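**Q** My questions concern the predicted model and sequence given below.
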Amino acid sequence: MKTIKVVVIGGGLVGLSTAICISESLPQCEVTVVSESFSPNTTGDVAAGCLIPHTYPDTPFEQQKKWFQETFDHLFKIANSAEGADAGISLLTGWQVYKNPPEEAFPFWWDVVLGFRLMTPTEIAKFPCHKFGQTFTTLKCQSSLYLPWMEQRFKTNGGTVQTGKVESIWQLYGKYNIVVNCSGIGSRELIGDLSLYPVKGQVLEVHAPWIKHFIREGNGNTYIYPGITGTTLGGTRQKDDWTLSADAKISKEILDRCCDLEPSLRGVSIIREKVGLRPTRSAIRLEKEIFSKNGQQLPVVHNYGHGGSGFSVHIGTAKQATRMVEELIPLVGQFNVMSKL
């Protein structure tokens, strides 16, 4: 069987999960990940990693639900295995509360998570400024554990990682048969996708071991997610803000909002402030493209633009990207993509 050389651009959550999926599903592929940064210096390292989907306006709910279901099922198996602790994946129960009831009491993903139901009046009474709520159990990935665990799993499967910046897709021509673009916000510069934009997120990690349940406002801007090493308080959604520095005023606003939800956080010890740029589009870009130049052709699979929902759908999108790579393999022989030795 001919070896197919695949390169994945991007070593974050989406890139690593896609590389693992390809290497485990397509044994004829030799997979390399090339990235400027790996954990702990990726966008995914900033995220709380709680599986509660955001919506993509230009993607049908059926497709979004499929991605979420595949991701939830995959991570649930890991959480229930001997690897759960090393991977940093665990179950987390909590409340999603609203000052005004949403149009739909049951979101499209309600039957994917565990035990979804509407909160009782007694439960709502804990949040005097809110009138409606939902409670359920979902999964949480501790990014500081999950991302290194994925990288090690990829290497154990025979994968290779390289640190470096890909300035142009064409610099990979002659080295690889298929390129998988998981460069996140970098795709704006790498392939000129101006529909992609950053949404800055700032969060606080605090020491609050007494917090055992997540609390999230329905708009998703204010949330409290307990984790293994600390509790994440958030957050912000600052569109088109490229700055990676934390704003002390915003940190205070985040803490005040979270204390309104959970008064026991008053005076909490802050471990660190974290900032990341969510790579956002109206829809995740998941498609095949054949790059052509001077009679040369290079097949590419795009998988980027996950915004603030990366942890919720990353396995589902990795599986779809892997199917696209598989569809391209029979065409590889038609392309003059490998240098003559």
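**A** In hand now; what should we look at?

**Q** any chance you could map the helices in the protein?
**A** Under the criterion DSSP state H, helices of the chain are mapped to 13-25, 61-79, 84-87, 121-124, 143-156, 187-190, 248-261, 310-328.

**Q** Surely G201 touches G307?
**A** No - taking contacts as CB atoms under 8 Å, G201 lies outside contact range of G307: 9.9 Å. Heads up, the C-betas are built off the backbone N, CA and C, glycines and all.

**Q** Spell out which residues are contacts of both of the two.
**A** R278 (CB atoms under 8 Å, 6 or more residues apart in numbering).

**Q** P209 versus T3, what's the distance?
**A** Distance, T3 to P209, by CB to CB, to the nearest Å: 49 Å.

**Q** sorry, back to before: any idea which of the helices of the chain is most buried?
**A** helix 13-25 (a mean of 26; mean count of other CB atoms under 10 Å).

**Q** Could you export it as CSV, CA atoms only?
**A** C-alpha atoms of helix 13-25 as CSV (Å, rounded to 0.1, in the frame of the first residue of the first chain):
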residue,chain,number,x,y,z
LEU,A,13,-7.4,21.7,19.6
VAL,A,14,-8.7,21.3,16.0
GLY,A,15,-5.4,20.5,14.4
LEU,A,16,-4.4,17.8,16.9
SER,A,17,-7.8,16.1,17.0
THR,A,18,-7.9,16.1,13.2
ALA,A,19,-4.3,14.6,13.0
ILE,A,20,-5.2,11.9,15.5
CYS,A,21,-8.4,11.0,13.6
ILE,A,22,-6.6,10.7,10.3
SER,A,23,-3.7,8.7,11.7
GLU,A,24,-6.1,6.3,13.5
SER,A,25,-8.7,6.0,10.7
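
**Q** relative orientation of it and helix 61-79 in degrees?
**A** On the basis of axes from the mean of the first three to the mean of the last three CA atoms, to 10 degrees, helix 13-25 is oriented at 70 degrees to helix 61-79.

**Q** now for helix 13-25, which elements pack on it?
**A** strand 4-9, strand 29-35, helix 143-156, strand 178-181, strand 296-306, helix 310-328 (3 or more CB pairs under 8 Å, 6 or more residues apart in numbering; DSSP states H and E).

**Q** Can you list the buried residues in the shortest one?
**A** Buried residues in strand 178-181, counted by 16 or more other CB atoms under 10 Å: 178-181.

**Q** hang on, I52 packs against Q96?
**A** Yes - counting by CB under 8 Å, I52 touches Q96, with 7.4 Å between them.

**Q** Now the common contact residues for these two.
**A** Common neighbours of I52 and Q96 (CB under 8 Å, 6+ apart) are R216.

**Q** and stretch 63-70, average pLDDT?
**A** Per-residue pLDDT values over stretch 63-70 give a mean of 98.

**Q** and that stretch, how far from the chain's centre?
**A** 13 Å (CA atoms, centre = their mean, to the nearest Å).

**Q** For that stretch, output the C-alpha coordinates as PDB.
**A** Provided in PDB are the C-alpha atoms of stretch 63-70 (Å, rounded to 0.1, in the frame of the first residue of the first chain):
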ATOM      1  CA  GLN A  63     -25.200  19.200  11.200                       C
ATOM      2  CA  GLN A  64     -24.300  21.100  14.400                       C
ATOM      3  CA  LYS A  65     -26.000  18.400  16.500                       C
ATOM      4  CA  LYS A  66     -24.200  15.600  14.600                       C
ATOM      5  CA  TRP A  67     -20.800  17.200  15.300                       C
ATOM      6  CA  PHE A  68     -21.700  17.700  19.000                       C
ATOM      7  CA  GLN A  69     -23.100  14.200  19.400                       C
ATOM      8  CA  GLU A  70     -19.900  12.600  17.900                       C
END
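
**Q** So which residues make contact with that stretch?
**A** 51, 53, 55-56, 108-109, 112, 312-313, 315-317, 319-320.

**Q** give the contact list for L190.
**A** 9, 166-169, 181, 183.

**Q** low-scoring stretches of the stretch 1-150 of the chain, by residue?
**A** For the stretch 1-150 of the chain, applying pLDDT under 70 flags the ranges 1.

**Q** Tell me the strands beside the lengthiest strand in the chain, with direction?
**A** If you go by DSSP state E, the chain has its longest strand at strand 269-293. Sheet pairing of strand 269-293 (DSSP bridges) gives strand 197-207 (antiparallel), strand 296-306 (antiparallel).

**Q** of all the ones you listed, which lies closest to T71?
**A** strand 296-306 (11.1 Å; CB to CB).

**Q** how about that closest one: buried residues?
**A** 298-306.

**Q** on that earlier part again, ok, which pair from the contacts of stretch 63-70 is furthest apart?
**A** Maximum distance among these (CB to CB): 20.0 Å, for T55 and K319.

**Q** ok now do I329, which residues does it touch?
**A** Neighbours of I329 in contact, by CB under 8 Å, 6+ apart: 4, 26, 28-29, 178.

**Q** Ok, C29 next?
**A** C29 sits in contact with 3-6, 22-23, 178, 325, 329, where contact means CB under 8 Å, 6+ apart.

**Q** What's opposite it in the beta bridge?
**A** Beta-bridge partners, per DSSP bridges, of C29: I4.
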